[in-house]
Structure formats: structure tokens, C-alpha cells
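Undergrad: how would this look folded up:
(one chain, ligands or ions: 2)
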Amino acid sequence: MLLVDRETMQNIDSYAINEIKIPSLCLVERAALSVMENINLDIRHSFALIVSCGNNGADGLALARNLLALSKDCDIYIIGNKNKASKDFIINYNACKNLTKNIYSIETIEDMNFLRKNLDRVNTIVDGIFGTGLNRPVSGIYANIIDLINEKNIYTISIDLPSGFDANGENNYGTYVDSDLIVCMQILKKGLYEDNYFKDKTVVCDIGLPQIAIEKFINI
Ligand SMILES: NC(=O)C1=CN([C@@H]2O[C@H](COP(=O)(O)OP(=O)(O)OC[C@H]3O[C@@H](n4cnc5c(N)ncnc54)[C@H](OP(=O)(O)O)[C@@H]3O)[C@@H](O)[C@H]2O)[C@H](O)CC1
Ligand SMILES: [K+]
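TA: Ligands and ions are numbered 1, 2, ... in the order given. From the prediction side, this is the model:
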């Protein structure tokens, strides 16, 4: 079983994008579609996609865009500063803005109260808050939202990693999403493999990272 730590995954990612010139947007799109193919759209009809402004969030917005294209009922909740957002996040955000009005920034206590109420209208939560970019303890609004997700008894899919959970399984960053399903991109993250609770809830999906990029950093 091939395993990868956070730093190595980031190295593979950036080598594929910067040296092999694979457009990062293609990887984001493949990541989104790999989540989509793990959703039973016959029973999952309404979605709350909760994202922050990095590429885990970009995956989430690309998924939202694809679900909206199928006329699925999607609410999008954005945490963090959109001015700091990744370019792939912005590209997908701009498309989603043209497909739905149900896009909300979650910043204040009032926003949190709205989120708490509005989550009750969906049967699926998608967690696109943090992936391999998580690098410090989760606090403030991020911790509050993760705790709120866990309070709700709503089926939750995490993109790449449960937000708040350390990809290496070494750091306790505080609260993390209690995912029902984790769709992990390309290579199983070491922390998930070593965690018996999450290991059996994880599927690993190929998103088009070439073997030569992987073998540059991992002896296979
Ligand atoms: N090959 C692949 O696996 C691909 C993965 N993709 C997806 O991209 C994410 C990684 O995206 P990245 O933008 O690097 O980081 P995240 O989206 O996980 O996190 C966003 C930023 O959040 C900040 N951060 C980190 N820890 C915290 C915290 N505790 N509280 C608040 N904010 C935090 C950090 O930025 P700073 O500037 O604040 O340090 C993160 O950058 C990966 O998981 C996949 O989902 C792509 O789709 C492409 C291929
Ligand atoms: K996540």
C-alpha cells in the first residue's frame, strides 16, 4: 500500500504543476469529479458545501459547479478571506456565482446561527475546508464550524482529508471533521492509513498525477 506524508504530497503536487506543467485546474477538476463519482446521486439530493479559500476549497467549488450543472440543490458556505484565495478557487467561485445565489460567507456569530439552521435543509455535507495545507491548530471560526458539522447528524464527505486532521497523523490540531466518507486524492495519506477509525472510510482516487512525478519523491 503506497502511503505519503503531507510534505511529500505537496512536493509531488508542485512538481507535477510547475515542472511537468500539468495545469493545477485539471487536478482540481479531477479531484472534484472523483468525489462526485463516490456520491449516490439517487439518494443525495441536497448539499451544503463548506469550503475555505485554498485548493481544498477549490476542489469543493469545482464539485459544487458540477452538481449545480446537474441542477442539484447546493448551498455554498465560504470561510476565510476570499482576497487570499487560490486562483483555482477564484475560477470556480466565479462560475458558481453564475449558477446559484446560495453562496454565503461565514464570518460572524449571526452567520454561524444561519449556518446552524440552514444545514437542516440538506442531506449531505461536503467538507472542503482543509486538506494537505493544514499546518497548525484549528481555532476560531474554523473550529466552531467543524464542531457544528459534527453536531449535525448529516452524512459528511471530506475532500482529501477530514478538515482538522493531520495528514501525517502526528499532530493534534484540535477538532476535526468526523467524516462518513473521505475521498483521498491520488495517494493514501499516512495519517489516514494509521487511523483505524478513518482508514475504512477512505477511498483513494487517481486525479491524473503521473507516475514520474510520484516516483521522483517516493521509491516504489
Ligand atoms: N495532488 C493533490 O493531492 C492535489 C490536491 N489538491 C487539493 O488541494 C489541497 C491542498 O490545498 P492548499 O491550498 O495547499 O491547502 P488547503 O486548501 O488544505 O488549506 C488552505 C490554507 O489554509 C491555511 N491554514 C492551514 N492551517 C490552518 C488553520 N489551522 N487555520 C486556518 N488556516 C489554516 C493555509 O494557508 P496559510 O497561508 O494560512 O498558512 C492553507 O494553505 C489538497 O488537500 C487537495 O484537496 C488540488 O486539488 C490539486 C491536486
Ligand atoms: K477536507
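
Undergrad: show me where the chain has helices.
TA: Counting by DSSP state H, one finds helices in the chain at the ranges 6-18, 24-36, 55-69, 87-97, 109-118, 140-151, 190-193, 196-199, 211-215.

Undergrad: among these, which is nearest residue 103?
TA: helix 87-97 (6.3 Å; C-beta to C-beta). C-beta: built from backbone N, CA, C; applies to glycine.

Undergrad: just say which of the helices of the chain is most tucked in.
TA: helix 55-69 (a mean of 26; mean count of other C-beta atoms under 10 Å).

Undergrad: and that one, anywhere near ligand 1?
TA: Yes - counting by C-beta under 6 Å from any ligand atom, ligand 1 is contacted by helix 55-69 at 55-57, 59.

Undergrad: I'd like the mean pLDDT over that helix, please.
TA: Averaging pLDDT along helix 55-69 gives 98.

Undergrad: how far off helix 6-18 does it point, in degrees?
TA: 60 degrees (axes from the mean of the first three to the mean of the last three C-alpha atoms, to 10 degrees).

Undergrad: and this protein, which of its residues are near ligand 2?
TA: Residues of the chain lying close to ligand 2 (C-beta under 5 Å from the ion) are 127, 158-159, 163.

Undergrad: select only the buried ones of these in ChimeraX?
TA: Selecting just the buried residues from the residues of the chain next to ligand 2 in ChimeraX takes one command, with 16 or more other C-beta atoms under 10 Å as the test:
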select :127,158,159,163
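
Undergrad: just the ones of the residues of the chain next to ligand 2 in strands?
TA: Within the residues of the chain next to ligand 2, residues falling in strands by DSSP state E are 127, 158-159.

Undergrad: closest to residue 93 out of those residues?
TA: Closest to residue 93, out of all of these and judged by C-beta to C-beta, is residue 159, at 15.6 Å.

Undergrad: residue contacts, that closest one?
TA: 31, 35, 56, 59-60, 63, 126-128, 131, 183, 185 (C-beta atoms under 8 Å, 6 or more residues apart in numbering).

Undergrad: out of those residues, which comes closest to ligand 1?
TA: Comparing the contacts of residue 159 against ligand 1 with C-beta to the nearest ligand atom places residue 131 closest, at 1.7 Å.

Undergrad: could you report the pLDDT at that closest one?
TA: pLDDT recorded at residue 131 is 98.

Undergrad: how far does stretch 179-187 sit from its chain's centre?
TA: 9 Å (C-alpha atoms, centre = their mean, to the nearest Å).

Undergrad: so it, near ligand 1 or not?
TA: Yes - contact of stretch 179-187 with ligand 1 (C-beta under 6 Å from any ligand atom) involves 185-186.

Undergrad: coming back round to it: okay if I get the ones in strands among the residues of the chain next to ligand 2 as TSV plus distance to residue 96 and pLDDT?
TA: Converted to TSV, those look like this (distance: C-beta to C-beta, whole Å; pLDDT from 0 to 100):
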residue	distance to residue 96	pLDDT
127	17	99
158	20	99
159	15	99
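
Undergrad: will you turn those into TSV that also has distance to residue 100?
TA: Shown next, in TSV, are those (distance: C-beta to C-beta, whole Å):
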residue	distance to residue 100
127	19
158	22
159	19
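
Undergrad: dump the residues of the chain next to ligand 2 to a markdown table, plus distance to ligand 1.
TA: Output for the residues of the chain next to ligand 2, formatted as a markdown table (distance: C-beta to the nearest ligand atom, whole Å):
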| residue | distance to ligand 1 |
| --- | --- |
| 127 | 10 |
| 158 | 9 |
| 159 | 5 |
| 163 | 8 |
